[in-house]
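Visitor: how would this look folded up:
(one chain, ligands or ions: 1)
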Amino acid sequence: MSNRKLIVGNWKMNGSLAGNAALIGDLLAGIGQPACDVAVCPPAVYLAQLQALLAGSAIALGAQNVSMHEGGAYTGDVSAAMLRELGVRYAIVGHSERRQYQAESDVHVALKAKLALAAGITPIVCVGETAQERQAGLTDFIVKRQLSAVIHLVGPCVSEIVVAYEPVWAIGTGQTATPEQAQAVHAVLRAQIRAATEHAARVRILYGGSMNADNAVQLLAQPDINGGLIGGASLKAPDFLKILAACASQ
Ligand code: PGA
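Guide: Numbers count the residues shown, from 1 in each chain. Just a heads-up that it's a prediction; the model follows:
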């Protein structure tokens, strides 16, 4: 198992050429030798800019999405091979915002994960329940259904993915899952992965949803929480650096 935690910044649809250069400059100035693996996922149009800015640094490049098609007549799509050519190491797939606003289904997400893997990119497969689903007691059912679509398609290669548990009600709301709530779901996901591969222990399961400098230490201390997928707090260098520093105390 890679014992190193993984902290990924999801910039969502934020940034500008000048703003990105400033943010990366501040991150590189403060990052030193991080105690965890680190990646940032800018909007696709900035991947080439960030490839240059991050060259030789401790920060890996990630994408926020990847096409479910290999190539051809898919206007607006960006393929896994294209991402790989730009040095992309990770691709977020199935973020709840895409499931909700772009009607991405479990099957779409699984196809994306498979094509990313085939191109040598580690998919970060997002799963998570809505507030109503949690209230109805459906949390485990929903996250297992979402992950099982990926396992169905990639089989034992599930050992090569990263999973991100992101309760929809915690994303961008300031309302974080408690460490106990998060750990309980992470344990369910770990058991599901264990049934598909003997290498389940090395699959990193990230928590995402209003993770910040204040709650990171407690969340990262949970046995099945192997890192974080950070939205809002990844846009400010001091906040993101504090989360990276939280890994050093684990
Ligand atoms: P948040 O977003 O940290 O702003 O809640 C997390 C995510 O959507 O990945």
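Visitor: for the ligand, give me its nearest residue in the protein.
Guide: residue 231 (2.2 Å; Cβ to the nearest ligand atom). (C-beta placed from N, C-alpha, C; glycine too.)
Visitor: what sits against that residue?
Guide: Counting by Cβ atoms under 8 Å, 6 or more residues apart in numbering, residue 231 makes contact with 10, 12, 171-172, 208.
Visitor: near the ligand, which residues of the chain?
Guide: Contact residues (Cβ under 6 Å from any ligand atom) of the chain with the ligand: 10, 166, 171-172, 208-211, 229-233.
Visitor: where do the strands sit along this structure?
Guide: Shown for the chain, the strands assigned by DSSP state E span residues 6-10, 37-41, 59-63, 88-93, 122-127, 162-165, 205-208, 227-230.
Visitor: including mean pLDDT, could those strands go into JSON lines?
Guide: Putting the strands of the chain into JSON lines (pLDDT from 0 to 100) gives the following:
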{"stretch": "strand 6-10", "mean pLDDT": "98"}
{"stretch": "strand 37-41", "mean pLDDT": "98"}
{"stretch": "strand 59-63", "mean pLDDT": "98"}
{"stretch": "strand 88-93", "mean pLDDT": "98"}
{"stretch": "strand 122-127", "mean pLDDT": "98"}
{"stretch": "strand 162-165", "mean pLDDT": "98"}
{"stretch": "strand 205-208", "mean pLDDT": "98"}
{"stretch": "strand 227-230", "mean pLDDT": "98"}
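Visitor: tell me which of those strands sits nearest to residue 138.
Guide: Smallest distance to residue 138 across the strands of the chain (Cβ to Cβ): 12.6 Å, for strand 122-127.
Visitor: low pLDDT regions in this structure?
Guide: 1-2 (pLDDT under 70).
Visitor: how does it look with 50?
Guide: Filtered on pLDDT under 50, the chain yields the residue ranges 1.
Visitor: re earlier: check the residues of the chain next to the ligand and tell me the two furthest apart.
Guide: Largest pairwise distance in the residues of the chain next to the ligand, by Cβ to Cβ, is 13.8 Å, between 166 and 233.
Visitor: returning to what we had before: who wins for neighbours among the contacts of residue 231?
Guide: residue 208 (28 neighbours; other Cβ atoms under 10 Å).
Visitor: I'd assumed residue 241 was in contact with residue 31.
Guide: Yes: with contact defined as Cβ atoms under 8 Å, residue 31 counts as touching residue 241 (6.7 Å).
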